[in-house]
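Peer 1: Following is a predicted model, sequence given first.
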Amino acid sequence: MKKYQFIHEDKVRDYECDLQGIVNNANYQHYLEHTRHEFLVSQNLSFAQLHDKGTDAVVARVSIDYKQSLRPGDIYLSCLNVKKEGIKYVFHQDIYRKEDEKLCIRAKIETVTVINGKLSSCPEFDAILCE
């Protein structure tokens, strides 16, 4: 595994899988989003508090390459690195099965922030993401 700014460990739940016994593709987006939220919490940032101040972070684009399926009970590591590119905050996220460190998905999530209804850079994000 390469080096990451943040790693979140979690476990696949049965209800996240389809009839084939593998994680349904849409659930990987939940895993990715949960990891981004946990990263922000680890940096003492809260989406609810930002929203109350008029700042909303939204996903602008998602690209996912599916490599290896996760199954019920698998422990996985959801990893991220983030960089600012112009007005966007770009999250490069990978999910590995913990047992053998097999890469399961590779994703690029482009996000933007809207402050009081206007597309803007977010000072709170800049302070933690661009150090």
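Peer 2: Thanks, I have the structure now.

Peer 1: Compute the number of surrounding residues for the residue lying closest to Ile22 once chain neighbours are set aside.
Peer 2: Leaving aside its chain neighbours, Ile22 sits nearest to Ser69 (3.8 Å; criterion: C-beta to C-beta, 6 or more residues apart in numbering). C-beta coordinates here come from the backbone N, C-alpha and C atoms, glycine included. The number of residues packed near Ser69 is 19, by other C-beta atoms under 10 Å.

Peer 1: Run through the bridge partners of Phe6.
Peer 2: On the basis of DSSP bridges, Phe6 is bridged to Leu80.

Peer 1: re the thing from before, so which strand or helix has the residue nearest to Ile22?
Peer 2: If you go by DSSP states H and E, Ser69 is not part of any helix or strand.

Peer 1: ok, it to Met1 distance?
Peer 2: 18 Å (C-beta to C-beta, to the nearest Å).

Peer 1: cool, and Ala60?
Peer 2: 27 Å.

Peer 1: Tell me if I'm right that Asn81 and His92 touch.
Peer 2: Yes. With contacts counted by C-beta atoms under 8 Å, Asn81 reaches His92, the gap being 4.8 Å.

Peer 1: Now do the same contact list for Asn27.
Peer 2: Taking C-beta atoms under 8 Å, 6 or more residues apart in numbering, we find Asn27 in contact with Glu16.

Peer 1: Check what pLDDT it gets.
Peer 2: Listed pLDDT for Asn27 reads 95.

Peer 1: can you check Arg13 too?
Peer 2: Taking Arg13 on its own, its pLDDT is 96.

Peer 1: wait, it sits on Asp74?
Peer 2: No. Judged on C-beta under 8 Å, Arg13 makes no contact with Asp74 at a distance of 10.2 Å.

Peer 1: More neighbours: Ala60 and Met1, which one.
Peer 2: Using other C-beta under 10 Å, the more surrounded residue of Ala60 and Met1 is Ala60, with 13 against 10.

Peer 1: returning to that earlier point: quick check: the residue nearest to Ile22 vs Asn25, distance?
Peer 2: 9 Å.
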